[in-house]
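Colleague: Model the structure of this input:
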Amino acid sequence: MKTRQLFLVVFTIIQLIVIVFVFLYLGGYRKFGSPAEFKKRQQENIQAYLDSVASIEKNRLLPENVADSTLFGVGRHTDVFEHMQDTEQQLETIQSKLDSLERTKTVLEEKEKTIDTKLQNLQEESAHSEEENIRKLAKIYDNMKPAQAVPLFISMNDSIAVAIISQMSQRNASKLLGLLAETDLDKASRLNTMLAQLGN
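Modeller: Just a heads-up that it's a prediction; the model follows:
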């Protein structure tokens, strides 16, 4: 009986040890990866450190004597001075280009203003010319017999027709719309609606 109890105790301890080992192993595996991956990362870190040290050693100049040190210092100052001169020249070139671009921008803005003014003048002239043409056409249709004008109005664009009718005498316009309604009721209805919107 005691042997059996001892065996169970030992078996339980072994199971606990196995569980703890598995838990620790899996925890380490999650944190550090597999042993091969961990080893590879360690080697990469060591190599990066060695490369960093080698780079520092390479860039650090250790003159063997005072003369070499002085020459090195003079050389370094000369390099810095030449680099500053090059930088200043580059800055001057860039500033010159910026000034040139600024002048070009000003010229373009002035040209744009001129073009806008000319375009506005042309639009005003065009609108004035269109109004003048509408007035002339209205006079012509005012002097025509409504029966002669109706076929022309049927084939005419609605907007132009309304513009002309609005400039005609009220008496002639009424006759024209009356005859137009007898020939093309839809056209007459559209024109009447548009005239009403104009306030006529």
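
Colleague: Just the residues contacting stretch 191-200, thanks.
Modeller: Stretch 191-200 has contacts (C-beta atoms under 8 Å, 6 or more residues apart in numbering) with Phe153, Asp158, Ser159, Ala161, Val162, Ile165, Ser166, Leu177, Leu180. Where C-beta positions appear, they are placed from N, C-alpha and C, glycine not excepted.

Colleague: which residues touch the last one?
Modeller: This points to Leu180. Val150, Phe153, Ile154, Lys187, Ala188, Leu191.

Colleague: Check the second one too.
Modeller: Listed by C-beta under 8 Å, 6+ apart, the contact partners of Asp158 are Lys187, Arg190, Leu191, Met194.

Colleague: Would you reformat the contacts of Leu180 as JSON lines and include secondary structure?
Modeller: As requested, these are exported to JSON lines (DSSP: H, G, I helix; E, B strand; the rest coil):
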{"residue": "Val150", "secondary structure": "helix"}
{"residue": "Phe153", "secondary structure": "helix"}
{"residue": "Ile154", "secondary structure": "helix"}
{"residue": "Lys187", "secondary structure": "helix"}
{"residue": "Ala188", "secondary structure": "helix"}
{"residue": "Leu191", "secondary structure": "helix"}
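
Colleague: and Val107, what helix or strand is that in?
Modeller: Here Val107 sits within helix 66-143, counting by DSSP states H and E.

Colleague: do Arg4 as well
Modeller: Counting by DSSP H and E, Arg4 is found in helix 2-32.

Colleague: Glu88 and Leu101: what is the separation?
Modeller: Look at Glu88 and Leu101: by C-beta to C-beta, to the nearest Å, they are 20 Å apart.

Colleague: returning to what we had before: looking at the contacts of stretch 191-200, which is nearest Lys113?
Modeller: Closest to Lys113 out of the contacts of stretch 191-200 is Ser159 (32.7 Å), distances taken as C-beta to C-beta.

Colleague: excluding its backbone neighbours, what's nearest that closest one?
Modeller: Excluding the flanking residues, the one nearest Ser159 by C-beta to C-beta, 6 or more residues apart in numbering is Met194, at 7.6 Å.

Colleague: Tell me which residues of the helix or strand hosting the one you found come out buried.
Modeller: Using DSSP H and E, Met194 maps to helix 185-198. Across helix 185-198, burial judged by 16 or more other C-beta atoms under 10 Å covers Lys187, Ala188, Leu191, Asn192, Met194, Leu195.

Colleague: where does the third one land on pLDDT?
Modeller: Leu191 is assigned a pLDDT of 88 by the prediction.

Colleague: What of Leu137?
Modeller: For Leu137, pLDDT reads 87.

Colleague: Count the residues that sit near it.
Modeller: 17 (other C-beta atoms under 10 Å).

Colleague: That one and Ile165 touch, don't they?
Modeller: No: judged on C-beta atoms under 8 Å, Leu137 makes no contact with Ile165 at a distance of 10.3 Å.

Colleague: Quick check, pLDDT for the residue nearest to the spatial centre of the chain.
Modeller: Nearest to the mean C-alpha position of the chain, by C-alpha atoms, centre = their mean, lies Lys105 at 21.7 Å. You'll see Lys105 listed with a pLDDT of 83.
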